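> Sequence plus the predicted model coming up.
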Amino acid sequence: MDELVADVVIVGFGAAGACAALEAADAGADVVIVERFAGGGASAVSGGVVYAGGGTTQQLDAGVDDSVDAMYAYLRLETGDVVSEPTLRRFCEGSREMITWLEGNGVPFEGSLCPHKTSYPSDRHYLYYSGSEAAGGFRDAAKPAPRGHRVKGPGTSGKMLMARLKAAVRARGIRVLTQTTARTLIRDDAGRVTGLVADTLGDAPTGVRARHQRFAQYAAKPGIYVPSLRKSLHRRVERFERAHGRELRISARRGVVLAAGGFIANREMVREHAPAYRGGLALGTSADDGSGIRLGVEAGGATGELGRISAWRFVTPPSAFLGGIIVDAGGRRVIDESRYGAAVGEKLIEDHGSKGWLLVDAPIVARARRDGRAQSQWFQWLQLRYLLQRGRVTGTTVEEVARKAGVDPQGLRASVEAYHGAEDPAGKPDEFRRRLETPPYSLIDISVRPNLGYPTPMLTLGGLVVDEGTGAVRSTAGEPIPGLYAAGRTAVGICSRSYVSGLSLADCVFSGRRAGINSALAQGVLDKNENVF
């Protein structure tokens, strides 16, 4: 068996793993990253949005007035008690510095403010309202501000984020073992994690490594949109690994950081922990199979929030659709439509059997057609075309369109009349409300089900329970496991109860940096209760 030695060994080379590596290296540690594929993970196929506020440079450039207190008040409502108040406060207070730190590592941002509410802005805008800040029930409790900082780059910006973080890792001289899969953790007699055993294709024939990398890349994209293709390609990847992998032992003098993503690609785990969340688009790569969580559990780690899955049912862009109402099969109102798409998805799945429709009238459809292309990325434009064509039924009256869609006519009529009242029963702010009174009426099917034309992206939010001061994995008895840390979606973090765009990547940066610096300084330098992040 071949052997390597490092101070800190990091499993996974997405945003959390890269940030952990950078902080560990800057703290003087010799770092090795173990990555099953070529690096990037779910972060590379994400939108590249980082949730930040409290007066970042980008907010100031856009003329946005924000404060740490306002950011904290909003996130306290969103996240509940998933992390302690001091941890959430520390996250908010460090938000501006986080963006500066990313910029120092080559990640570009820009303060071009999106003028309309959207799920993801076009390439003209890189700062936007990425959550429910302006929705009813939130704006009164916390002053709204746009905090979605999209990495500046064309299309979905996750690829730019990871390209710059990878470059920063290379510039530090950090060793990255690609096409290497962590299999088991090594522990000494006292229970301390001292390294891991991996399988690597490092000595495999060049052609094998090239095909392994190519199939893994295609499984990520376009495989993310075609599950059958992803499954087929991943089987080929596994065959290469079984046939050509050799065992490699890596010793960690100070610690191992698990940053291997979530488990959305592991259908068995999803069925076990969140059986209602099926029919969605698995947002991530085939390596988001829960392997990092499994390694932690095998070492005695506790888990939390495994039943929390974020399911995105966006109705914007176009922003015109915010004027409509979302109803269930009984015609009953589902939610304030200005809420973030994950809140809409959760409501549909948990309370309405995954079925829902958006009711709009002729002026809203006209505005959607007029503004849709300008407000959209290419994939959003294709989804809008699908919704206005195959996903829509029309009628000259509310009752007629309800019957065509299979929605209760009386229930729908009652919802429309209530919506036209002095105040919206669902709490939607008046600026988003529109009277629905001009036929033809349309019911657009936004149900959560397998649908390539209008998919519902999903990602897992739970993972290993960690010490909030250090990022060390806690055992089932509640004690930190010596030498073992976790970050990103392998761990319970800021976004593990409720997700809004940018909060997962921001948590990857926050928790990755925390695990990196604490693992690097762990060997006899810190008291176990001392917090250095």
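Done, it's in. Residues are numbered from 1 along each chain as shown.
> got a list of what the residue nearest to residue 84 when sequence neighbours are not counted touches?
With C-beta to C-beta, 6 or more residues apart in numbering as the criterion, residue 84 has its nearest non-adjacent residue at 5.9 Å, and that residue is residue 468. Where C-beta positions appear, they are placed from N, C-alpha and C, glycine not excepted. The contact partners of residue 468, by C-beta atoms under 8 Å, 6 or more residues apart in numbering, come to 83, 84, 86, 87.
> Residue 88 now?
Listed by C-beta under 8 Å, 6+ apart, the contact set of residue 88 reads 72, 75, 76, 79, 494.
> hang on, the residue nearest to residue 84 is in a strand, isn't it?
No. Per DSSP: H, G, I helix; E, B strand; the rest coil, residue 468 lies outside any strand segment and is coil.
> for residue 513, phi and psi?
Backbone dihedrals for residue 513, given as degrees, to the nearest 10, come out at phi -60, psi -40.
> strands paired with the lengthiest strand in the chain, and their directions?
The residue-count maximum for a strand in the chain (DSSP state E) belongs to strand 246-258. Paired with strand 246-258 in the same sheet, following DSSP bridges, are strand 2-11 (parallel), strand 193-200 (antiparallel), strand 480-486 (parallel).
> circling back: most neighbours among the contacts of residue 88, which one?
Neighbour counts for those (other C-beta atoms under 10 Å) peak at residue 75, which has 27 neighbours.
> Surely it is within a helix?
Yes. Counting by three-state DSSP, residue 75 is part of a helix.
> Nearest residue to it in space, please, no chain neighbours.
In space, and not counting its chain neighbours, residue 75 is closest to residue 88: 6.0 Å by C-beta to C-beta, 6+ apart.
> following the helix or strand harbouring the one you found, which helix or strand shows up next?
Per DSSP states H and E, residue 88 falls inside helix 85-93. The helix or strand immediately downstream of helix 85-93 is helix 95-104, counting by DSSP H and E.
> elements contacting that following helix?
strand 49-51, helix 57-61, helix 503-520 (3 or more C-beta pairs under 8 Å, 6 or more residues apart in numbering; DSSP states H and E).
> Give the rounded mean pLDDT of it.
Per-residue pLDDT over helix 95-104 has a mean of 98.
> And stretch 266-273, by the same measure?
Taken as a whole, stretch 266-273 has an average pLDDT of 95.
> before we move on, what about stretch 392-399?
Taken as a whole, stretch 392-399 has a mean pLDDT of 98.
> Quick check: buried residues in that stretch?
Within stretch 392-399, the residues that qualify as buried by neighbour count (16 or more other C-beta atoms under 10 Å) are 392, 393, 394, 395, 398, 399.
> Ok, stretch 319-334 next?
Going by 16+ other C-beta under 10 Å, stretch 319-334 has these buried residues: 319-329, 331-334.
> Quick check: the farthest pair among those?
Within the buried residues of stretch 319-334, 319 and 329 form the most distant pair, 26.6 Å apart (C-beta to C-beta).
> re earlier: from the middle of its chain, how far away would the following helix or strand past the longest strand of the chain be?
Using DSSP H and E, the next helix or strand after strand 246-258 towards the C-terminus is helix 267-273. Chain-centre distance of helix 267-273: 18 Å, with C-alpha atoms, centre = their mean, to the nearest Å.
> so where do the helices sit in the stretch 351-500 of the chain?
Under the criterion DSSP state H, counting those that start in this stretch, the stretch 351-500 of the chain contains helices at 362-375, 378-388, 398-405, 409-419.
> what pLDDT, on average, does the first one get?
Pointing back at helix 362-375 there. Helix 362-375 carries an average pLDDT of 96.
> The last one too?
In this model, helix 409-419 has a mean pLDDT of 98.
> how about that helix as PDB, C-alpha atoms only?
In PDB, the C-alpha atoms belonging to helix 409-419 read as follows (Å, rounded to 0.1, in the frame of the first residue of the first chain):
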ATOM      1  CA  PRO A 409     -64.000  25.900  -9.500                       C
ATOM      2  CA  GLN A 410     -65.700  27.100  -6.300                       C
ATOM      3  CA  GLY A 411     -62.500  26.900  -4.300                       C
ATOM      4  CA  LEU A 412     -60.600  28.900  -7.000                       C
ATOM      5  CA  ARG A 413     -63.300  31.500  -7.200                       C
ATOM      6  CA  ALA A 414     -63.300  32.000  -3.400                       C
ATOM      7  CA  SER A 415     -59.500  32.400  -3.500                       C
ATOM      8  CA  VAL A 416     -59.600  35.000  -6.200                       C
ATOM      9  CA  GLU A 417     -62.300  37.000  -4.400                       C
ATOM     10  CA  ALA A 418     -60.200  36.900  -1.200                       C
ATOM     11  CA  TYR A 419     -57.100  38.000  -3.100                       C
END
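> which secondary structure elements does that helix contact?
Under the contact rule (3+ C-beta pairs under 8 Å, 6+ apart), helix 409-419 is packed against strand 325-327, strand 357-360, helix 398-405.
> repeat for the second one
Packed against helix 378-388, as judged by 3+ C-beta pairs under 8 Å, 6+ apart, are the following elements: helix 362-375.
> ok, back up a step: of all the helices and strands packed on helix 95-104, which one is nearest residue 212?
Within the helices and strands packed on helix 95-104, the stretch nearest residue 212 is helix 503-520; the backing value is 25.5 Å (C-beta to C-beta).
> tell me the angle that closest one makes with strand 2-11.
Comparing the axes of helix 503-520 and strand 2-11 via axes from the mean of the first three to the mean of the last three C-alpha atoms, to 10 degrees yields an angle of 130 degrees.
> elements contacting helix 503-520?
With contacts taken as 3+ C-beta pairs under 8 Å, 6+ apart, helix 503-520 sits against strand 2-11, helix 15-26, strand 49-51, helix 85-93, helix 95-104, strand 246-258, strand 480-486.
> Tabulate those (JSON lines), appending distance to residue 219.
Below are the helices and strands packed on helix 503-520 laid out as JSON lines (distance: least, C-beta to C-beta, whole Å):
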{"stretch": "strand 2-11", "distance to residue 219": "19"}
{"stretch": "helix 15-26", "distance to residue 219": "19"}
{"stretch": "strand 49-51", "distance to residue 219": "24"}
{"stretch": "helix 85-93", "distance to residue 219": "33"}
{"stretch": "helix 95-104", "distance to residue 219": "28"}
{"stretch": "strand 246-258", "distance to residue 219": "22"}
{"stretch": "strand 480-486", "distance to residue 219": "25"}
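> Out of the ones you listed, indicate the one that is most buried.
Comparing the helices and strands packed on helix 503-520 by mean neighbour count (mean count of other C-beta atoms under 10 Å), helix 15-26 comes out on top with a mean of 30.
> What is it packed up against?
Using 3+ C-beta pairs under 8 Å, 6+ apart, helix 15-26 is in contact with strand 2-11, strand 31-34, helix 41-44, helix 158-171, strand 246-258, helix 503-520.
> if you set the cut-off to 7 Å instead, what comes out?
Secondary-structure packing of helix 15-26 (3 or more C-beta pairs under 7 Å, 6 or more residues apart in numbering; DSSP states H and E): strand 2-11, strand 31-34, helix 158-171, helix 503-520.
> Distance to residue 473 and mean pLDDT added to those, as TSV?
What follows is the helices and strands packed on helix 15-26, written out as TSV (distance: least, C-beta to C-beta, whole Å; pLDDT from 0 to 100):
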stretch	distance to residue 473	mean pLDDT
strand 2-11	12	94
strand 31-34	17	98
helix 158-171	23	98
helix 503-520	9	98
